[in-house]
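J.: give me a model of this one.
(one chain, ligands or ions: 1)
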Amino acid sequence: MSLFAFEDAACRALAAAHPTPLFAYSRAMASRQFQHLRGALPARVQLAFAVKANPHPELLKLFAELGASFDCASGGELHRVGALPLASGQVFYAGPGKRREELALALALGARVQVEGWEDLLHLEALAEQPVHVNLRVHPATGAEERNRIIGGTGPSAFGVDEENVPALLERAQLLTQVRIRGLHVFAASNQRDAEALLSTHRMVLELAHRLQQRHGLLLEQIDLGGGLGVPYAPEEAPLDVNALGQGLASLLAAHAWFTGRLILEPGRFLAAPCGVYLARVVRVKESRGTRFVILEGGINHLLRPLLTGQPFPVKAVGKTGTTRPATLTGPLCTSLDRLGDVHLPELEPGDLVAFGMTGAYGFTEAMAPFLSHPAPAEIWVETPPTLTPPPTTPPRPPHTNTPQKPPTPPPPPKKKKKRTKPPTPPHQKPKKKKNPSSPPPLPPRPPPSPQKSPKKKKKFPPKKPQKN
Ligand SMILES: Cc1ncc(COP(=O)(O)O)c(C=O)c1O
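T.: Alright, predicted model coming up:
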């Protein structure tokens, strides 16, 4: 699996046609990834895309066309998915803090609610006008460990009902007249690339389900195994073997003949990450006391995940080769929290283009866009990878502009009325025709190449002020 949905030429073309920084999502890559997984899974596994990973309307539309169901976690996500032509049973609704209005919306859409506690049951009991079947989200006591803390493994958790409290809740739930627990949901660990580790959690869930069925007579129409299918974020990381996962699930179903319902998988990262690339230009390169800071147009306001998990997105300097050396990637924000990773890259200078791969999931949707009021990046849906026309020589880039507006031969600006150009962009986020209004004006002449080559100049840059935030 390539870590970058777009080759260098396509990255350059995208950055020439649109103001940077930007996200670009490849339809072809998203489609391939969905079909790759779908093709490996037994027919009794229903595949629901976790909308939180990337709620871009074109991506949702594509997955719906390919037959996906959807896992939502807010009223907003339910609204997005409610706009798609879906059959009943294709929408799930989870979340540790569901409001009454959101539950009412879920019922109106016919979504299957993953009940996470007694409060959800009570709200539904009051709202439902006819019997409604729900799944109970259980927080397991063992058997779900995770490396980067994302969902939380088996520690204390805001999600679901702790496994040890399930019997009491089931007993209490018998008093309800409208709401029936007819399924289980267990998801405690994310970004797992080892099929055997995923399967061992799934095995634990089926055993738990069997115990609940035997001891409490719980009828189970479905068992939702959550998401958690991992992707590589570095070249040395092996991708998940989806065929092994599919075969393992088939064996589990065979071993649990008592269960005749459906299994649900709700991956977000696996389905969406590979289709996305984030492109940003270098604004400045600063050497400070032995560290090369590469300061980009966007930072944690566009990509927060590296800060949250300590794991950078894969990154490449577009069109650059040569020896690499350490670089600390930062954004333009006035906080030392603004870090995108410590990586190795070739020599870079202002105007150079940097591409972050695997940013189709938990990219912009997980970022803190309003912080410092920088412009929001465009999110461009790419049906056909673009090419530069005419084929590029070396693009004569204005040396001191962080958002070059004059690529060699700019493609014609998007026609006002046309919905799509190449690459097409969803109307709601179509890049502005004129210069990005909030792009800074061209920078003043650059100081001599790099501070480390002219140490005397360092005096011009006073020692760091106390850090903010
Ligand atoms: C309930 C639920 N389902 C599915 C997912 C998707 O997880 P992943 O992207 O790891 O597949 C999440 C992620 O937080 C989740 O909370």
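
J.: what ranges do the strands span in the stretch 101-250 of the chain?
T.: Secondary structure of the stretch 101-250 of the chain (DSSP state E, counting those that start in this stretch): strands at 112-115, 132-139, 161-162, 179-185, 222-224.

J.: ranking these by burial, who's on top?
T.: Ranked by mean neighbour count, those are led by strand 112-115 with a mean of 28 (mean count of other Cβ atoms under 10 Å). Yep, even glycine has a C-beta here, placed from its N, CA and C like the rest.

J.: up against the ligand, what does the protein have?
T.: Proximity of the chain to the ligand is confined to 50, 52-53, 71, 94, 151, 187, 190-191, 226-229, 266-270 under the rule Cβ under 6 Å from any ligand atom.

J.: surely Asn135 is in contact with Arg112?
T.: Yes. Contact criterion Cβ atoms under 8 Å: Asn135 and Arg112 qualify, at 6.3 Å.

J.: any low-confidence regions in the stretch 301-450 of the chain?
T.: 388-450 (pLDDT under 70).

J.: quick one: the helices in the stretch 101-250 of the chain, in order.
T.: 118-127, 166-173, 195-216, 242-255 (DSSP state H, counting those that start in this stretch).

J.: could those be laid out in a markdown table, adding mean neighbour count and mean pLDDT?
T.: Output for the helices of the stretch 101-250 of the chain, formatted as a markdown table (neighbours: other Cβ atoms under 10 Å; pLDDT from 0 to 100):
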| stretch | mean neighbour count | mean pLDDT |
| --- | --- | --- |
| helix 118-127 | 17 | 97 |
| helix 166-173 | 15 | 96 |
| helix 195-216 | 18 | 95 |
| helix 242-255 | 16 | 98 |
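
J.: Glu65 is nearest to which of the ones you listed?
T.: helix 242-255 (20.5 Å; Cβ to Cβ).

J.: same for the closest one, what does it pack against?
T.: Applying 3 or more Cβ pairs under 8 Å, 6 or more residues apart in numbering; DSSP states H and E, we find helix 242-255 packed against helix 27-40, helix 195-216.

J.: distance check, Gly341 against Phe364.
T.: Gly341 sits 17 Å away from Phe364, going by Cβ to Cβ, to the nearest Å.

J.: neighbour count for the two, which is higher?
T.: Taking neighbours as other Cβ atoms under 10 Å, Gly341 and Phe364 compare with Phe364 leading, 25 against 19.

J.: so that one touches Glu379, yeah?
T.: Yes. Applying Cβ under 8 Å, one finds Phe364 in contact with Glu379, separated by 6.3 Å.

J.: which residues do Asn135 and Arg112 both contact?
T.: Here Asn135 and Arg112 share the contacting residues Phe92, Gly183, Gln222, scored by Cβ atoms under 8 Å, 6 or more residues apart in numbering.

J.: quick check: bridge partners of the closest residue to the second one other than its chain neighbours?
T.: Which is Gly183. Closest residue to Gly183 apart from its sequence neighbours, by Cβ to Cβ, 6 or more residues apart in numbering: Asn135 at 3.4 Å. On the basis of DSSP bridges, Asn135 takes part in beta bridges with Gln114, Gly183.

J.: who's in contact with Asn135?
T.: Asn135 touches Phe92, Arg112, Val113, Gln114, Val115, Ile181, Arg182, Gly183, Leu184, His185, Gln222, Asp224, counting by Cβ under 8 Å, 6+ apart.

J.: how about those residues, which pair is most distant?
T.: Taking Cβ to Cβ, no two of these sit farther apart than Phe92 and Ile181, at 14.7 Å.

J.: and the gap between His256 and the ligand?
T.: To the ligand, His256 is 22 Å away according to Cβ to the nearest ligand atom, to the nearest Å.

J.: check contacts around that residue.
T.: By Cβ under 8 Å, 6+ apart, the neighbours of His256 are Leu206, Ala209, His210.

J.: same check on Leu353?
T.: Cys11, Arg12, Ala15, Thr20, Leu279, Ala280, Arg281, Val282, Ala317, Val318, Gly319.

J.: ok, now how distant is Ala30 from Leu208?
T.: Ala30 sits at a distance of 33 Å from Leu208 (criterion: Cβ to Cβ).

J.: could you pull out the helices for the stretch 251-400 of the chain?
T.: 269-272, 305-309.

J.: and these as a markdown table, adding mean neighbour count?
T.: Putting those into a markdown table (neighbours: other Cβ atoms under 10 Å) gives the following:
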| stretch | mean neighbour count |
| --- | --- |
| helix 269-272 | 29 |
| helix 305-309 | 18 |
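
J.: and Gly290, which of those helices is closest to it?
T.: helix 305-309 (21.6 Å).

J.: can you give me the pLDDT of the nearest residue to Gln33 once chain neighbours are set aside?
T.: Leaving aside its sequence neighbours, Gln33 sits nearest to Pro274 (Cβ to Cβ, 6+ apart; 5.3 Å). Note on Pro274: pLDDT of 98.

J.: give me the number of residues near Pro274?
T.: Counted with other Cβ under 10 Å, the neighbours of Pro274 add up to 27.

J.: contact partners for it?
T.: Met1, Ser2, Leu3, Ala5, Met29, Ala30, Gln33, Val231, Gly357, Met358, Gly360.

J.: quick one: the third one and Met358 touch, right?
T.: Yes. Counting by Cβ under 8 Å, Met358 is a contact partner of Leu3 at 5.8 Å.

J.: neighbour-wise, which of those two wins?
T.: Met358 (27 against 22).

J.: give me the neighbour count for the residue nearest to that one when sequence neighbours are not counted.
T.: The shortest distance from Met358 to any non-neighbouring residue, by Cβ to Cβ, 6+ apart, is to Ala273 (4.5 Å). Using other Cβ under 10 Å, Ala273 has 31 other residues around it.
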